[in-house]
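# Give me a 3D structure for the following:
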Amino acid sequence: VQLVESGGGLVQPGGSLRLSCAASGFTFSTYAMSWYRQAPGKERELVAAISSAGGLTNYADSMKGRFTISRDNAKNTVYLQMNSLKPEDTAVYYCHARRGMRNDYWGQGTQVTVSS
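Presented below is the predicted three-dimensional model:
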């Protein structure tokens, strides 16, 4: 099983980034997918989640209207479009896959830094 995030980097406040998470080794289309983030000295927090078929999404309040989660089950990939980025969005962003209570996978994370 692999979840490989990409697309992180340094961006100025107000800018945009699109993160991607490529999945392999499991039946991607049967898993709910999420993005989490962890800033230095803080706990990991949920950013956004999407159901297995993509019909349902959920966002943390501070990301609503700025971030969009989507998935392409044909490409085994989940995306996070991040707009209007703020310095407080600086964190390591992790991809997460879950199916039921027993099937649960994490990616290695990608760094997002928002700074002028």
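# Tell me the spacing between residue 75 and residue 33.
As judged by CB to CB, to the nearest Å, residue 75 and residue 33 stand 13 Å apart. (Glycine included, C-beta is placed from N, CA and C.)
# Report the central residue of this structure.
For the chain, the residue sitting closest to the mean C-alpha position, by CA atoms, centre = their mean, is residue 35 at 2.8 Å.
# need the strands for the protein, in chain order.
For the chain, the strands defined by DSSP state E occupy 2-6, 9-11, 17-24, 32-38, 45-50, 57-59, 67-72, 77-82, 91-99, 103-106, 110-114.
# Direction included, what does the fifth one pair up with?
Looking at strand 45-50 with DSSP bridges, its paired strands and their directions are strand 32-38 (antiparallel), strand 57-59 (antiparallel).
# Mind listing what's buried along the first one?
Okay, so that is strand 32-38. Judged by neighbour count using 16 or more other CB atoms under 10 Å, the buried positions of strand 32-38 are 32, 33, 34, 35, 36, 37.
# how about a markdown table for these, with distance to residue 48 and pLDDT added?
Putting those into a markdown table (distance: CB to CB, whole Å; pLDDT from 0 to 100) gives the following:
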| residue | distance to residue 48 | pLDDT |
| --- | --- | --- |
| 32 | 11 | 98 |
| 33 | 9 | 98 |
| 34 | 7 | 98 |
| 35 | 5 | 98 |
| 36 | 9 | 98 |
| 37 | 10 | 98 |
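# OK, contacts around the residue nearest to residue 18 when sequence neighbours are not counted?
Spatial nearest neighbour of residue 18, excluding adjacent residues (CB to CB, 6 or more residues apart in numbering): residue 81 at 5.0 Å. Residues in contact with residue 81 (CB atoms under 8 Å, 6 or more residues apart in numbering) are 16, 18, 67, 68, 69, 70.
# I figured the fourth one hits residue 80, correct?
Yes - between residue 68 and residue 80 there is a contact under CB atoms under 8 Å: 7.4 Å.
# Compare neighbour counts for these two and give me the winner.
Each of residue 68 and residue 80 has its neighbours counted (other CB atoms under 10 Å); residue 80 has more, 27 against 17.
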